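1. A predicted structure for the sequence below; I have some questions about it.
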Amino acid sequence: MGQIIEYIKISLKSILSNRMRSILTMLGIIIGISSVIMIVSVGNGVRNSVSGQLDSAFGGQTYIMAGDMTGSIYPEAAFTEDDMNAVRDKIDHVKTLSMEESGYGTSISPKGEKVTYYTAVTPQYILANPRPFLCGRYFTQEEYDAGSKVCVISENGAKNLFGHTDVCGQTVSFEYGGKLIDLTVVGVKGKSESELFEMMYLEDEVEFDLPYTTFKSFAGFEDEKFEQMLFMADSSEEAEGTIRKIINFLEARKQIRGEKKITYISFTSYLDQIMQVINYITIFIAFVAAISLVVGGVGVMNIMLVSVTERTKEIGIRKSLGAKTSSIMIQFLAEAAVLTILGGLFGILFGYLGGELICFIMSKLIKINVVATIGPGIVAGVVFFSAAIGIFFGIYPARRAAKLSPIEALRDF
């Protein structure tokens, strides 16, 4: 152990005696390591932020479809309100089950006409998309059953239509398919905690929910069947099993058991795909950045060869005094390792600071809180990898130094 410490001291002395050359040599390692750390920390920050934002907005949501993943729709599997009510009565752990009909129309108010994104649903829909209310409430089951002409408007929608949010009791004229209906605002939903969710809607756009029964009567839909239902279980542990029970129940009810005409897709599967894409992109960019480490390693080899040439007489004296070939080799390997480890430590520092700066700028530009994140395992791996680079590229110069003949080394002494 004492000998290793001595080698490190000799290496540090050699590095400090040639400061500028050592700094320039470490520069390639610093750039390579800092690039990898920066990319990984930013990638982790984006992944965590997107995952958290999406989970808070859509976590636990599952769509049950009368079709398959290819986009095919099976009319014989289409759902009715009776199907939905039967599921609620027969299947446990159902927190939310609602049809969802959405699209675009036009709202008319004292401030003019605005593009409107409507969502026609049941009262249970709010359980899957909880939002604070600035005033009023969500429409009730009684209003849904009666097909009441009511709506729940978004905060931005209220501001765009009326200029303020205290609009409960006000009337919104909604045009769709050439037909016009007056809806009474019974509630104003505040913004979601998910900033990413809010970015999905344009600032000058209006968004509101209305009872499906109201929309169906207004739009003139004769066919009461719909192709998808929004489902949420009362706990994440029960979600998968409950979905299976619902599908089996509906297949038996419609006499299509085993035909796989009723499928589902959960938010979790979407999120997994998104996270996988982000991970692949991060790994690819980090791999490209890591190529600069090879360039840095070549720089280390070059400077070590120069060091061997400069210290030929020193090597000759040590060998003539009985220094072993292995000792000479270890000394130069230690110097290369120390050089790259120092470069790696500085690279980690600059990479993390750079990641923090990039995340800060991203947070300001896209209005999503992104925090640079790097695990201790990554840091330890980077330090180990930088040392390995130094040892690998220091082997040739170290072997060259160790194989020098004392007579050749001392010829011009």
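-> Nice, I can see it.

2. C-alpha from now on. contacts and neighbour counts both.
-> Noted.

3. in the protein, what helix or strand scores lowest on average pLDDT?
-> None of the helices or strands of the chain scores lower by mean pLDDT, DSSP states H and E than helix 195-198, at a mean of 49.

4. now the very next helix or strand once past that one, how far from the centre of its chain.
-> Downstream of helix 195-198, the next assigned helix or strand under DSSP states H and E is strand 206-211. Relative to its chain's centre, strand 206-211 lies at 29 Å (CA atoms, centre = their mean, to the nearest Å).

5. list of residues touching strand 206-211?
-> 107, 114-123, 139, 143-144, 147-154, 156-158, 160-161 (CA atoms under 8 Å, 6 or more residues apart in numbering).

6. my guess is S98 contacts A120, does it?
-> No - using CA atoms under 8 Å, S98 is not in contact with A120; the gap is 9.7 Å.

7. still on that earlier bit, just the ones of the contacts of strand 206-211 in helices?
-> Of those, the ones assigned to helices by DSSP state H are 143-144, 156-158, 160-161.

8. return the member of those residues nearest to G394.
-> N156 (63.1 Å; CA to CA).

9. burial of that closest one, as a residue count?
-> The tally of other residues near N156 (other CA atoms under 10 Å) stands at 24.

10. would you confirm that it contacts E205?
-> Yes - with contact defined as CA under 8 Å, N156 reaches E205; the gap is 7.4 Å.

11. need the contact list for I64.
-> When the contact criterion is CA under 8 Å, 6+ apart, the partners of I64 are 228-231, 262-265.

12. for it, list each beta-bridge partner.
-> M229, Y264 (DSSP bridges).

13. so where do the strands sit in the stretch 51-200 of the chain?
-> Secondary structure of the stretch 51-200 of the chain by DSSP state E, counting those that start in this stretch: the strands cover 62-65, 94-99, 101-109, 112-121, 133-136, 150-154, 171-176, 179-189.

14. next one: the most centrally placed residue in the chain from Q170, what distance?
-> For the chain, R47 is the residue whose C-alpha lies nearest the centre (CA atoms, centre = their mean; 2.1 Å). From R47 across to Q170, the span is 42 Å (CA to CA, to the nearest Å).

15. same question for I285.
-> Distance of I285 to Q170, computed by CA to CA: 53 Å.

16. and F284, by the same measure?
-> In terms of CA to CA, F284 sits 54 Å off from Q170.

17. same check on I181?
-> 14 Å.

18. neighbour-wise, which of those two wins?
-> Neighbour totals were compared for I181 and Q170, and I181 leads with 17 against 14 (other CA under 10 Å).

19. isn't the more buried one right next to F174, touching?
-> Yes - shown here, I181 and F174 form a contact pair, counting by CA under 8 Å, at 5.3 Å.

20. picking that back up, what's near enough to touch the residue nearest to the centre of the chain?
-> Going by CA under 8 Å, 6+ apart, R47 touches 275, 278-279.

21. wait, which of these is closest to A239?
-> A239 lies nearest to M275 out of the contacts of R47, by CA to CA, at 21.0 Å.

22. can you tell me the element the closest one falls in?
-> helix 267-310.

23. for Y118, give me its contacts.
-> Counting by CA under 8 Å, 6+ apart, Y118 has contacts 102-105, 207-210.

24. same thing with G28?
-> 292-293, 295-297, 299.

25. so which of these is surrounded by the most neighbours?
-> For these, the largest neighbour count, defined by other CA under 10 Å, is 28 neighbours, found at G296.

26. correct me if wrong: it contacts G32.
-> Yes - here G296 reaches G32: they are 7.4 Å apart, a contact under CA under 8 Å.

27. how close does the nearest residue to I153 once chain neighbours are set aside get to G103?
-> In space, and not counting its chain neighbours, I153 is closest to F208: 4.2 Å by CA to CA, 6 or more residues apart in numbering. Using CA to CA, we find F208 at a distance of 11 Å from G103.

28. okay, and the common contacts of those two?
-> 117-119.

29. give the contact list for G355.
-> Applying CA under 8 Å, 6+ apart, the residues near G355 are 37-39, 41-42, 372.

30. with that, I have no additional questions.
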